[in-house]
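*Asks:* task: produce atomic coordinates for the following.
(chains A and B)
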Amino acid sequence: MLRYLLRRLIISVPTLIGITLITFLISHLLPADLVLINLGDRAAQNRELVRGFRERWGLDRPLGIQYVVYLGSLVRGNLGTSISTHRPVLTELALSLPATIELATLSTIVAFIIGIGLGILAAIRRDSWIDWLARTVSIVGVAVPTFWFAILLVSIVYFHLGWAPPPGRLTVGLAPPERITGMYLVDSLLHGRVDLFLDALHHFVLPVIVLATVGVGYVTRITRASMLQALQQDYIRTAQAKGLGQLVIVLRHALRNALIPILTVGGTLYAQLLSGTVLTETIFSWPGLGRYAFSSAASLDFPAVMGVALFVGVFYLMINLLVDMLYALVNPRIRYG
Amino acid sequence: MNVRWIRSAVVIAAAVFVATSLNMLPASAQRTDVLIIAKDISDIRTPDPSKSYDISGVFLQFPVYSRLVRQRAPNFWKVDPDLAESWSVSSDARVYTFKLRSDAVFHAGNPATAEDVRFSLLRAKNIKGYGSFLADPIKSVEVLDPRTVRIELNDPDASFLAALTAGVFSIVDSKTVKAQGGVEAVGADTNDKAEQWFNTSSAGSGPYRLIRYTRETEIVLERFDRYFGPKPFFRQIIIRHVKDPSTQALMVQRGDADLALDLSVDQAESLMGKPGIQVFEDPSAWTVYLGLNTSLAPWNNPKVRQAVKYAIDYDAIVKQIMRGHGRRISSIMMPAMLGFTETQNRALLYPFDSTKATALMREAGVSRASVSLTWASGANYGALPLDRLAQKLRTDLEKIGIDLRLEPLQQSIFLTQYRQGKPETAIGFWFPDFMDPDNWSYFVTGFINRRLRWESPDGQRLVEEARMTGNAQQRASLYAQYNELLAAPDSPYVFLVQPTNLTAARADLANFRYHPLFFLEFELLRRK
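*Replies:* Okay, the predicted model is just below:
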C-alpha cells in the first residue's frame, strides 16, 4: 500500500508541472497587456513606473527564464506574490480556501446523504412514486442552472419569506472567530462560541442547498442505476434465500457492491466544488476560491491565477487518490500491490 | 419517543418561525447609530492610501483620511479647506504654500503637522504605487514651521490644488507609519514595508477609524471622537461586500442595508416609489463617446464622421436605454464645470437629423460601409448599460448605410486593444482622477486622440496654456475653445451621454451628499 501511494505521488509531479506550464503560457499569451491592466491607463503612461513594474515582476526577462524562476521558487514552497495585493499568494489562498472547503464539504455531505438515500429507495421500490420523485430530482438537480436557482432562493427564501439571512458568511458587523483554520464553523467551536457557530451555520443554508442540489442530482442517478444492477445479482438471490432481512441485504450486500461508481462520481463532485464555484460564491458574497480565481484572472494577476490552478490540480489528484483507496476499503477484491 | 419532548420541540420551532418570519420592523429601525452599506468592494487592491487608486479603495479612504484640501458636493468644483486652513499660490502656479489647522489629530493621538504632510506627499510619490503618477509634478516639499508647508512643482500647474483632493494625497500619521516600516525617501518602492499594516489599521485624521478590512467581505469603520470637524452621527459604519446589484436592492428593501451603491438603472427604477425607500439621483463623472479611428475607411472621410454625428438618435439613448437617468453631452467634460457651461453644452449638441446625415453620406461619396465596433462587454457606466448602447448605435448607423459589426471584448482585452489603437470604432469613456478641467484635456494631448489616429496641435496648445494659467476666467475661456474644437464636425469623437448615478437608501436617512469621485460625506449622514 505504501509503495502504491509513493508511486502515485511521484506520478502526480509531472501533472502538476504541466498545470503550471499551461497556466503560465495562457496568462502570458493573452492579448491583454499585463502592465496596463495592473497599473491602470494613466500610470502606464509613465515610463518609469512601467519600467519599475516590469523589473519588479520579472517581466523584463525572457518568458522561459520567467518560468524557470517561478518553478525554482515553487520548489522552495514559494507561490510568488500577488501583483494586485502585494501579499504572498499562499497567504491569499489561505484566506479564500477555508471558505470554499467548508462550503464544498458541507454541500457534498448533504448531497451524499440525500442522494444515496433517495437512490436506494428508488431502486428497491422501482416504478413507485418514490422512484418517480428520485428520477425527477436527478433530472432537475443536474439540469437547473445554478446561478438562476441561487437568485431564486435569495429572492424567495431570504427576501419574501425572511427565513434565511442576507448573503455573506456571518451577520453584518459580527467579527469572525479568531483565526485557527479559517473555517468559521470549526473556529467558532474551537473558541467555544456557540452563537457564532449558529450564525455561521444559518448563513450556510442557502448556498449549501444550491450546491447540494446539483450533487443530489448526480448521486441519486448513479446510486439508483448501480443499485438496480447490484440487486439483480446472484448473491442477492442467495442472500434472500438465506432468509436475511431486507435491510441487511440492501445495505450490506447490494450497497457495498454498488458503492464504487457512487464514490467515483462523489469524488469528482467534491473536487469540482472545492475548485470553487464562481457564480454561487458571487451571489452569496462568499469570498472563496472561485471568487479569488475570477478576480485574479480579470486583473491578470498571474501569480495568483497560477497558484489557484496549482491548488485545484492538487485537489483533483488528492481526491482521486482518496477515492482509489476507498475502493479497496469497500471492495476487498481490489488490492494494490 | 417522549411525547412531552416532541411537544416542546414543536412549540420552540413554532416560536422560532414566528420570531424570524413575522418580524415586521425593518432591521434598520433597530440600529440607530450603525450604518450598513451594501457595495461591491472587490476592486480594492490595498487599503494603503498612498498606493490605492481603485474606485472602492478611494471610497474606503475618504472617511478615514483627511487631505490638505477637499471638494464637497453639490458644488464639487470649489476647493475647500481640510487639514489646511489657508493657502497661497505663486502667480506662476508653481509654488503652493499651506497653513495647517492647529486642532487636527491622528487616530493614534499625534497632532497633524507639516512634517506629516511632507512625509505623506513624498511617500505617495516615491512608493510608485498605482496613483503615484498624480504626484509626478511635485519637485520638493519643504517644512517651513510645524504648521506651514511649501510644495514646489517642476512646472507651472494650475490644476494642482484640485489634484490634492485625490485619495493618493491622503495625509498619514508619519510617526505611526514609520514605526510600521513606512518610508518616504527615494527607494520607497522597495524599502517601504508598511502596506500590509494598513489592512487592519489606519493612520488618518478623518472622522472614522478603520477597525477591520477583509477582502470581498466587509469594511468596518468606527467614529473617531477627536475628529476636528462636525461630530458624525453614526458610531459605526459597515460596508458589506455584495457583488450582485439585485441582492443589494433586496437588502435595502428588507432593511438589512441602509444604502445600496451599485444599482443598475432597472433596479433603481423598480425601487422608486417603494415604501421605506428613497432613490437619490446625482450626476456621475462618466462621460461617454463613440471614437472613430480616422486612419481607416470610412472614418478617414471627414464627411462620414460628420454624418454619424447627425445619424444617432441621442434622445432615444437617454430615454430608452438610460430610462431618463442621464443627459446628452456635446463634449467630453461634465457640463457646468469650469470651462464648459450648460449654455455651451446645449449650443454644441448635434440634432438627430437623418435627412442631413444621408445627404452628408452622399456628399462623402460613400453609399455602403462595414466597420467593427468594440467595447467592454457587460460594463455599465453609471445608468448606461454598454451592450444595449452598442445595439442602438448599430441600428441607427444602419439607416445611413454603415454596417457596424458588433465585437464585444472582455474588459481588460478591450482596454489593451484601445490603448494600442486597434479598434476601428470604440465606445470610450472618461472618468477623471480629480475635478479640474485639466484632467479632461487628454483628448488632444496624444493620450486618447492617438488611439484614433488624430492630432490637434491647436487643441494641444490650448490645454497646455490653460494648465499654466492661474487666472480662472482665462482658463475658462481656453477650455471653452477646447470644447468647441472637440465638438467640431470632423473630430473623431461622437459625444453621447453623461449618465447619472443612482443610489437607493432607507427612507430614514438624511443629509445624503454624493460626490462623483469621492462618494459620500459620511460625517454628515444621519437618521431622521
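*Asks:* B:Met272: neighbour count?
*Replies:* B:Met272 has 12 neighbours, counted by other CB atoms under 10 Å in any protein chain shown. C-beta here means a position set from N, CA and C on the backbone, and glycine is covered the same way.
*Asks:* ok, now B:Phe431?
*Replies:* Count around B:Phe431 with other CB under 10 Å applied: 16.
*Asks:* now swap in B:Val288 and tell me
*Replies:* Neighbours of B:Val288 (other CB under 10 Å): 24.
*Asks:* list the contacts for it?
*Replies:* B:Tyr381, B:Leu384, B:Leu389, B:Ile427, B:Gly428, B:Phe429, B:Phe495, B:Leu496, B:Val497, B:Gln498, B:Pro499 (CB atoms under 8 Å, 6 or more residues apart in numbering or on different chains).
*Asks:* quick check: bridge partners of the nearest residue to B:Leu409 once chain neighbours are set aside?
*Replies:* In this structure, B:Leu409 finds its nearest non-sequential neighbour in B:Thr374, 5.4 Å apart by CB to CB, 6 or more residues apart in numbering or on different chains. Beta-bridge partners for B:Thr374, by DSSP bridges, are B:Glu407, B:Ala426.
*Asks:* identify the residues contacting B:Thr374.
*Replies:* Contacts of B:Thr374 by CB under 8 Å, 6+ apart are B:Glu407, B:Pro408, B:Leu409, B:Phe414, B:Gln417, B:Tyr418, B:Pro423, B:Glu424, B:Thr425, B:Ala426, B:Ile427.
*Asks:* circling back to that earlier point, the contacts of B:Val288 in strands, which ones?
*Replies:* Judged by DSSP state E, the subset of these located in strands is B:Tyr381, B:Leu384, B:Ile427, B:Gly428, B:Phe429, B:Phe495, B:Leu496, B:Val497, B:Gln498, B:Pro499.
*Asks:* and residue 178, how many neighbours does it have?
*Replies:* Unless you meant another one, I'm taking chain A. Counted with other CB under 10 Å, A:Glu178 comes out at 10.
*Asks:* hmm, I had chain B in mind actually
*Replies:* Neighbours of B:Lys178 under the rule other CB under 10 Å: 16.
*Asks:* would you point out which residue of the stretch 151-300 of chain B is nearest chain A?
*Replies:* B:Glu216 (3.9 Å; CB to the nearest CB).
*Asks:* okay, that residue and A:Phe302: tell me how far apart.
*Replies:* To A:Phe302, B:Glu216 is 20 Å away according to CB to CB, to the nearest Å.
*Asks:* so which of these two has more stuff around it?
*Replies:* Ranked by neighbour count (other CB under 10 Å), B:Glu216 and A:Phe302 place A:Phe302 first, with 25 against 22.
*Asks:* for that one, list the residues it contacts.
*Replies:* A:Thr23, A:Phe24, A:Ser27, A:His28, A:Leu34, A:Ile83.
*Asks:* state the phi and psi torsions of B:Arg212.
*Replies:* Backbone torsions of B:Arg212, given as degrees, to the nearest 10, read phi -160, psi 140.
*Asks:* leaving aside the residues adjacent along the chain, what's closest to it?
*Replies:* Nearest to B:Arg212 is B:Val220, by CB to CB, 6+ apart, at 4.3 Å.
*Asks:* what does B:Arg118 give?
*Replies:* According to CB to CB, 6+ apart, the nearest residue to B:Arg118 is B:Val141 (4.5 Å).
*Asks:* I figured that neighbour was touching B:Leu164, is that so?
*Replies:* No: in this structure, B:Val141 is not within contact of B:Leu164 by CB atoms under 8 Å, at 11.6 Å.
*Asks:* so which of those two has more stuff around it?
*Replies:* More neighbours surround B:Leu164 than the other of B:Val141 and B:Leu164, with 25 against 21 (other CB under 10 Å).
*Asks:* could you list the contact residues of the stretch 301-450 of chain B toward chain A?
*Replies:* B:Gln410, B:Gln411, B:Ser412, B:Ile413, B:Leu415, B:Thr416, B:Gln417, B:Arg419, B:Gln420, B:Asp433, B:Phe447 (CB under 8 Å from any CB of the partner chain).
*Asks:* cutoff 7 Å now
*Replies:* When proximity is defined by CB under 7 Å from any CB of the partner chain, the stretch 301-450 of chain B lies next to chain A at B:Ser412, B:Ile413, B:Leu415, B:Thr416, B:Arg419, B:Asp433, B:Phe447.
*Asks:* show me what contacts B:Ser170?
*Replies:* With contact taken as CB atoms under 7 Å, 6 or more residues apart in numbering or on different chains, B:Ser170 is in contact with B:Pro49, B:Gln61, B:Tyr65, B:Arg67, B:Ser120, B:Gly204.
*Asks:* surely the last one touches B:Val64?
*Replies:* To tie it back to what came earlier, the one meant is B:Gly204. Yes: between B:Gly204 and B:Val64 there is a contact at 4.5 Å, judged by CB atoms under 7 Å.
*Asks:* quick one on the thing from earlier: so the residue nearest to B:Arg212: helix, strand or coil?
*Replies:* strand (DSSP: H, G, I helix; E, B strand; the rest coil).
*Asks:* what's opposite it in the beta bridge?
*Replies:* For B:Val220, the beta-bridge partners under DSSP bridges are B:Arg212, B:Ile238.
*Asks:* quick one: residues contacting it.
*Replies:* Counted by CB under 7 Å, 6+ apart, B:Val220 has contacts A:Gly173, B:Ile211, B:Arg212, B:Gln236, B:Ile238.
*Asks:* how about 8 Å then?
*Replies:* A:Gly173, B:Leu210, B:Ile211, B:Arg212, B:Tyr213, B:Gln236, B:Ile237, B:Ile238, B:Ile239.
*Asks:* related to what we said a few turns ago, ok, and the closest non-adjacent residue to the residue of the stretch 151-300 of chain B closest to chain A?
*Replies:* A:Pro287 is the one closest to B:Glu216 (CB to CB, 6+ apart), at 3.9 Å.
*Asks:* for B:Tyr227, same thing?
*Replies:* Nearest one to B:Tyr227, counting by CB to CB, 6+ apart, is B:Pro207 at 4.4 Å.
*Asks:* coming back round to it: and the residue nearest to B:Leu409, how far from B:Gln498?
*Replies:* The value you get for B:Thr374 to B:Gln498, if CB to CB is used, is 22 Å.
*Asks:* which parts of the stretch 101-250 of chain B are strands?
*Replies:* B:138-145, B:148-153, B:208-214, B:218-223, B:236-241 (DSSP state E, counting those that start in this stretch).
*Asks:* include mean pLDDT and distance to A:Leu16 when you put the ones you listed into TSV, please.
*Replies:* Listed next are the strands of the stretch 101-250 of chain B as TSV, based on pLDDT from 0 to 100; distance: least, CB to CB, whole Å:
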stretch	mean pLDDT	distance to A:Leu16
strand B:138-145	97	48
strand B:148-153	97	53
strand B:208-214	92	30
strand B:218-223	94	35
strand B:236-241	95	32
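*Asks:* among the contacts of B:Val220, which one lies nearest to B:Leu509?
*Replies:* B:Ile237 (12.2 Å; CB to CB).
*Asks:* list the contacts of that closest one.
*Replies:* With CB under 8 Å, 6+ apart, B:Ile237 has these contacts: B:Val34, B:Leu35, B:Ile37, B:Pro63, B:Tyr208, B:Val220, B:Leu221, B:Phe522.
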